[in-house]
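Asker: after the sequence you'll find the predicted model.
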Amino acid sequence: MTQSIDTTRARLVAGGTHLALAAGAVFMLLPFWLMLRTSFTAPDQVFAGNILALSDFSLENYRRVFAEVPLLRYYLNGIFVVTAIFIGQVIVCVPAAYALSRLRFSGREVGLWLVLAAMMVPYHATAIPIYVLLSRFGMINTHGALILPFIGSAFSVFLLRQFFLSIPQSVFESARLDGASSLRTLMHIVFPMARPAIVTFGILSFVSHWNDYFWPSFVLRNDFAATVPFGIVKFLDQELGADYGPQMAAATLTVLPLLVGFLIAQRQLIAGIAMTSGQVD
Amino acid sequence: MTVSPAAVLTPIPAAPTGMGPRIAPYLLVGPLMLLLFVFAILPCLLTLLLAFFDVDILAGTIRFVGFENFTRAAARGEVLNSLRVTFTYILLTVPPSMILGLLIALAINSLRRGRAIWQAVYFLPVAATLVAMSIVWRWMFVGRRGIVDQTLGQMTGLVDWLNSPVLSLPAVAIVGNWQQIGFVVVLYLAALASVPRHQIDAARVDGAGAWHRFWHVTWPAIGPTTVFVGIITSVNALRVFDTVSTMTGGGPSRSSQTLAHLMWERGIYFFDIGGGSVVTLVLLALAIAATALQRIMTARLEKAGTR
Amino acid sequence: MKRLLTTTALLAMISATPALAQTELRLVSGQEKQNGAVLKQVFEAFNAGQEDVSVNLELDNQSDLDTTQKVLADIVAGSAPDAVRVTGAVLRAYVDSGRAQPLDECLASAPELAAQLDKGLVDNFRVDGKLYAMPWYVTLPALFVNADAFVAAGLDPQNPPRNWSELEAAAARLSDGSGNRFGVLMYMPNTYVYESQLLSSGGEMVDGEGRSGVASKASVELMAFMRGLVEKQQMPALAPSTFWGEASRMFQSGEVAMLLSSSSAYNNVTSNIAFDLAVAPMPARDGEEALTAASGNGFVMLATDPERQKATCKALLSLVAPESVAATVKATASSPINVTAAQTPELLGDFYAENPALMALNGQENRPWYTLPGRANNEFQSNFGDIQHQILTGAVEPQEGMSRLADIMNELNEAQ
Amino acid sequence: MIARNGSARKAGPQGMGKNPMPVAVRNLTKHWPGAERPVFSSLDIDCPAGGITIIVGPSGCGKTTLLRCLSGLETPTSGSILFGKQDVTQVDSQHRGVAMVFQNYALYPTKTVFENIAFPLRMARLDPQSIRTRVRAAAALTRMEPYLDRYPAQLSGGQRQRVGIARAIVRGPAVLLMDEPLSNLDTKLRIEMRAELGALQRQIGSTTVYVTHDQTEALALADHLIVMRDGRIEQQGAPEDIFTSPANTFVADFLGSMNLVDVTRSEDRVFVTSGAVRLDGLPKAPLSPMFRLGFRAEDVQLGPVDGEKATLPVTVRRSELMGSERLVHMECGGLALRARLKEVVRPDDRLELHIPAGALHYFDETGKRVAGAV
């Protein structure tokens, strides 16, 4: 008797929860709908009629994007840049995060402060000096300019450090007593164990650099090393207003691979963020 | 015929270790520190130094002016205004993101079915291209014709957000929340997944209501995540630029001009590098204060973690 | 001594050698969307037409300001481009810093071409009498009219308003008075349109002694007139930051029936609208002759090496050749720098015959758009935008706002 | 358990092929920088070669830090550590020939059981054949052979600790360190594993230093027992000796919770200080005016006792059945006492307790054992 009341109640609660989440989802998804809707609307119809409804289906915007933007080149550049940043970050940040969280050495506290401070620095503040530096080394308008400044990622170190702190210190001590040097501990224990955290920051790094517009627009001169958001800005004019249709088509084409990737990697991402080390107590 | 297992386990000497344990840590952090130094610290120091100079990049002249940049900035009053705006923005994004994010995570966590879908829906904005999305949002907030005015505006009478000195910052903050809530949700979902099931069950058996279960079991268990989320959202708030730039340009009349935007406007848009450096200085001071705060807050948690 | 001579001779030979080879020039330009295609066409033609100079054009679709930033960084890094395309908004910054190289000699080296140029328009690129940018094109204000809306309101699109009273009358009929449809949008967040109106009302940006004229009676009355339009819901009050996107959007979507803008918006507007468009010269204050500000688009030469300067000059001169000007005008609806081009039927003659409205635009009396010297212009323009918005929204009285702006302007001018 | 294993029984002489060495600590002090007091100071310890030395004490007594100093994970502030004749104080932990078993197992979650056990061998760059042989042997000794392909997350707590032990012994360590290895296990498993561990240690014969806060574990396993409190050694020696003649009230209470009664002597009579209850007997009691009497719950008798004895009048408060006997809580002059009795008693019963002379312990006012009182 009470059982069935409980079940009914539970169902009601679950139903209410779904309803509330759906209401929030409208807020989360509305901009995406507008983006899609605009991208499939003929340019001269973009502002006509009810902007919530898809009035007039057209592929014109996509046709223009494909015609005016070397999308394949952008995608390849994007993949190359994002992958290179990720690999660089793994090589640089994982050992550093390990040392900063699990090794004792003088200067560690200073190092930690540097990382945290660097994380908080707005990168617009440092853009010009970095530009000049890259320019001195002839790196403007190269892939390197898009990659190098982001390899020493304070955020990645911060994330990884949180992860390493959640692993019992004894695991690392055990490795030491088992005869592993710091370097071999890193290769044999730390890297394999950090995989979920690496996946997590990898996805976040991928997302932010794939989508980044400010920095590439700052250091690039032409399409040679351009990444996908350039396609959006090709249709943006500061003074004449934007060409919304092709712009939204380009935005859709930028976001799409990420969304598909996220839907595929979702479970791994959550698991990674959960920072499960497999160490069960 | 059988050799005793114990007999097999004769002592073996340790292999010689390559790197002394004393240098190893420095080798491991070295590359990071070098990169941070070159791409973050050095540029910052340079910028700070420039706060005391009048720099004309075009003419290639640089002139020491002492505190003149500071007194001018004070006279203009824009730094104080931006400080106020930045703090308001922090208030408008950090607590809402954290509270809503936690509530959404709790809601999703309580479900048996459809968790993956909701998770994806709420995470979508995190993966979206902010440049493009800011444009869409600006468009949604457009006076009269925009969705916001046609729906929310009709109900509340709050219209033409981007054009209003009172509502432009909240409009930017709404987008800030929209963008980061998904990330907060995912972080909290991860933390909730690691709350010991048996503790919650035990509390349930003890007759603790939903609120008490949350307050006495769940909340303490997700404490570290809360600190982490607090830091991430605060960092985002301190650095906010893209949305401000695309949506309001800091206006109208500087009502939504955060420090990061003011820094850009002064240093880059107005070609006033010295004046921009003064703003950078304020921003860095805030960043350091935030860093100190976070170190104090997490010191205890970390002490527990090292043993 | 002999050795020294030999060495010098050798050095001279070596340094002379590159002159024999092709000189590669680096030219930088933003706003690719607005004019990149035609610029590319001009320099491709140039590159194909001779052998000793090759122009390497770097285009990006950023505002001129962002482009200027990059150039600044390039200058710091010691890799400045040979020339950069600028608008009036940043020309003074280059000139006053001493970076911009005068181009008078360059123009004089091609007397035939120089003779073809519209002297008035070329003056837009002079500072203190010296030519600091190779003129490319000049745009003047234009009134864009939604002809369909005119017809619907019982107005004649072929007879657009020519003065404030007509403008206001038309705006009243075109507005729905409830804030959903507006009659007119006649300002910009910078001084371009304002200055044109001010000049047409007998006002000046600065007086003879260099003091600000923005707090003058004419200026305050202009602001009061615009504020009146806003109060009557005949004109929207757009925030400076959202202005650019919003102004085009509102006109294109039919929310604003008349848009006072720059003629360079012509191609963009025509490609994105679903109604008939009419174009007319700027309406001026009643009883006054229209005198407009002209926005110049030209190339500043940064190269300092004489050889490179020579090569740069050669490349830049190709911008004002009749064929280039014809292509430019067609692509930007701007005023033709080269008079010959405008008169030659196969270049622009026939084009103007088909588009008499554009011809009328080009005939407007004009003056170079006033900019503050040195680095001060952006800060001034930004303050102007804010104060104008405050006046239009009623936050500040016109007199008070313009007085404050005058103070800021004087202060900025003094600081330079 | 291992004793039942046929091949293990044939293991033959203890510590075959090894030459176990004693471990000694001389004048060892550890002081964290900035801390008010040292963790421990001036410790002198001798751990017999090939035997199990157990360091027992309440949490925070410094025993774990001491163990970590032995392992080389911590560096002592002063003093020296000797493995055999070699001073290893400055030797890096990898080269000390120590292995450690951790309370939380410290397994490598991304590696299989086989790889976990093989890890120290791989680090020593042993050839694959020897690695297989050794891992099998270690797994056999810890009965983990069927689980070599599993991951730690797929094992129970007991199994995980077996892997931890196997990993520790696989390299044939001269010194085996164990840091509360059984604390994370439930009671039944703990008793089972305790026996196994003892047998296993005898087979491999490494000098073992074992830290625990559990006195039953300490008494059951130790060849040599060290009781620590607040960074000091209270007593060390053979477990039997310590149990039968604890050096002070702390040791007496910590190992087998002794009843302690403060006693006052006035003229010829002795009283329980708190309640003025008169006591009879007290053979060989000290002659000082104040001292403490100690006796263990299991030494209490109700029936007539032959020979010299002490007698206490008590009131029963509570009785708990513990299988064949009862743990009876009672009161004497306001003091709570415990006794293990076979007889059935009821609350409020007034009884006379008898303790044979041999089971009486005497301590002075400072808690120190009074010599010759046995």
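Answerer: Sure, I can see it. Residues are numbered from 1 along each chain as shown, chains lettered A, B, ... in the order given.

Asker: how about the most centrally placed residue in chain D, what does it touch?
Answerer: Closest to where the C-alpha atoms of chain D average out (CA atoms, centre = their mean) is D:Ala218, at 2.0 Å. Going by CB atoms under 8 Å, 6 or more residues apart in numbering or on different chains, D:Ala218 touches D:Ile54, D:Val56, D:Thr212, D:Leu225, D:Pro239, D:Leu255. C-beta coordinates here come from the backbone N, C-alpha and C atoms, glycine included.

Asker: tell me which helix or strand comes right after the host helix or strand of it.
Answerer: Using DSSP states H and E, D:Ala218 falls within helix D:215-221. Beyond helix D:215-221 on the C-terminal side, the first helix or strand identified by DSSP H and E is strand D:224-229.

Asker: average pLDDT for that next one, rounded please.
Answerer: On average, the pLDDT along strand D:224-229 is 91.

Asker: how about the residue in the stretch 51-200 of chain A that chain C sits nearest to, nearest residue that isn't a chain neighbour?
Answerer: Closest approach between the stretch 51-200 of chain A and chain C, counting by CB to the nearest CB: A:Ser135, at 3.4 Å. If the residues on either side of it in the chain are set aside, A:Ser135 comes closest to C:Ala77, at 3.4 Å by CB to CB, 6 or more residues apart in numbering or on different chains.

Asker: for the one you found, give its distance to chain B.
Answerer: C:Ala77 is 11 Å from chain B, where distance means CB to the nearest CB, to the nearest Å.

Asker: any idea how many residues pack against that residue?
Answerer: Per other CB atoms under 10 Å in any protein chain shown, the neighbour tally for C:Ala77 reads 17.

Asker: that one and A:Arg136, how far apart?
Answerer: 6 Å (CB to CB, to the nearest Å).

Asker: so which residue of the stretch 101-250 of chain B comes closest to chain A?
Answerer: B:Ala132 (3.2 Å).

Asker: touching, that residue and A:Val228? I think so.
Answerer: No - between B:Ala132 and A:Val228 there is no contact under CB atoms under 8 Å: 10.3 Å.

Asker: what does the model give C:Asp386 for pLDDT?
Answerer: Reported pLDDT for C:Asp386: 91.

Asker: I'd like the distance between the closest residue to chain A within the stretch 201-307 of chain B and A:Ser205.
Answerer: Nearest residue of the stretch 201-307 of chain B to chain A (CB to the nearest CB) works out as B:Ala287 at 3.4 Å. Distance check for B:Ala287 against A:Ser205: by CB to CB, it reads 21 Å.

Asker: over to B:Phe39?
Answerer: In terms of CB to CB, B:Phe39 sits 15 Å off from A:Ser205.

Asker: likewise for B:Ala290?
Answerer: Relative to A:Ser205, and taking CB to CB, B:Ala290 is found at 22 Å.

Asker: any idea which element the residue of the stretch 51-200 of chain A closest to chain C lies in?
Answerer: Going by DSSP H and E, A:Ser135 is part of helix A:127-136.

Asker: packing partners of the helix or strand following that helix?
Answerer: Downstream of helix A:127-136, the next assigned helix or strand under DSSP H and E is helix A:143-151. Helix A:143-151 sits against helix A:71-102, helix A:127-136, helix A:195-211, helix A:214-219, with contacts defined as 3 or more CB pairs under 8 Å, 6 or more residues apart in numbering or on different chains; DSSP states H and E.

Asker: any low-confidence regions in chain B?
Answerer: B:1-3, B:14-21, B:194, B:196-199, B:298-307 (pLDDT under 70).

Asker: B:Thr129: neighbour count?
Answerer: Neighbour tally, B:Thr129, other CB under 10 Å: 24.

Asker: tell me the contacts of it?
Answerer: With CB under 8 Å, 6+ apart, B:Thr129 has these contacts: A:Trp210, A:Asn211, A:Tyr213, A:Val228, A:Pro229, A:Ile232, A:Ala251, A:Thr254, A:Val255.

Asker: next up, phi/psi of the fourth one, please.
Answerer: With angles defined as degrees, to the nearest 10, A:Val228 sits at phi -60, psi -40.

Asker: buried residues, the longest helix belonging to chain D. List them.
Answerer: Identified as the longest helix of chain D according to DSSP state H is helix D:187-204. Using 16 or more other CB atoms under 10 Å in any protein chain shown as the test for burial, helix D:187-204 gives D:Arg190, D:Met193, D:Arg194, D:Glu196, D:Leu197, D:Gly198, D:Ala199, D:Leu200, D:Gln201, D:Arg202, D:Gln203, D:Ile204.

Asker: so the residue of the stretch 101-250 of chain B closest to chain A: helix, strand or coil?
Answerer: Classification of B:Ala132 using DSSP: H, G, I helix; E, B strand; the rest coil returns helix.

Asker: what's near enough to touch it?
Answerer: A:Met35, A:Pro229, A:Ile232, A:Gln247, A:Met248, A:Ala250, A:Ala251, A:Thr254, A:Val255.

Asker: please identify the helix or strand for C:Glu24.
Answerer: Element membership of C:Glu24 [criterion: DSSP H and E] is strand C:23-29.

Asker: which positions within the helix or strand following that strand qualify as buried?
Answerer: Counting by DSSP H and E, the next helix or strand C-terminal to strand C:23-29 is helix C:32-49. Across helix C:32-49, burial judged by 16+ other CB under 10 Å covers C:Glu32, C:Lys33, C:Gln34, C:Asn35, C:Gly36, C:Val38, C:Leu39, C:Val42, C:Phe43, C:Phe46, C:Asn47.

Asker: stretch C:274-292 now?
Answerer: C:275, C:277-285, C:290-292.

Asker: same question for it, mean pLDDT?
Answerer: Per-residue scores along stretch C:274-292 average to 88.

Asker: is there proximity between it and chain B?
Answerer: No - Stretch C:274-292 does not reach chain B (CB under 8 Å from any CB of the partner chain); its nearest approach is 15.9 Å.

Asker: ends of that stretch, how far apart?
Answerer: Length of stretch C:274-292, first residue to last, CA to CA, to the nearest Å: 29 Å.

Asker: need the buried residues of helix C:32-49 in a markdown table (columns: pLDDT and distance to D:Arg229).
Answerer: Output for the buried residues of helix C:32-49, formatted as a markdown table (pLDDT from 0 to 100; distance: CB to CB, whole Å):
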| residue | pLDDT | distance to D:Arg229 |
| --- | --- | --- |
| C:Glu32 | 76 | 80 |
| C:Lys33 | 74 | 81 |
| C:Gln34 | 76 | 84 |
| C:Asn35 | 81 | 87 |
| C:Gly36 | 83 | 83 |
| C:Val38 | 87 | 91 |
| C:Leu39 | 88 | 87 |
| C:Val42 | 88 | 92 |
| C:Phe43 | 89 | 89 |
| C:Phe46 | 87 | 93 |
| C:Asn47 | 88 | 91 |
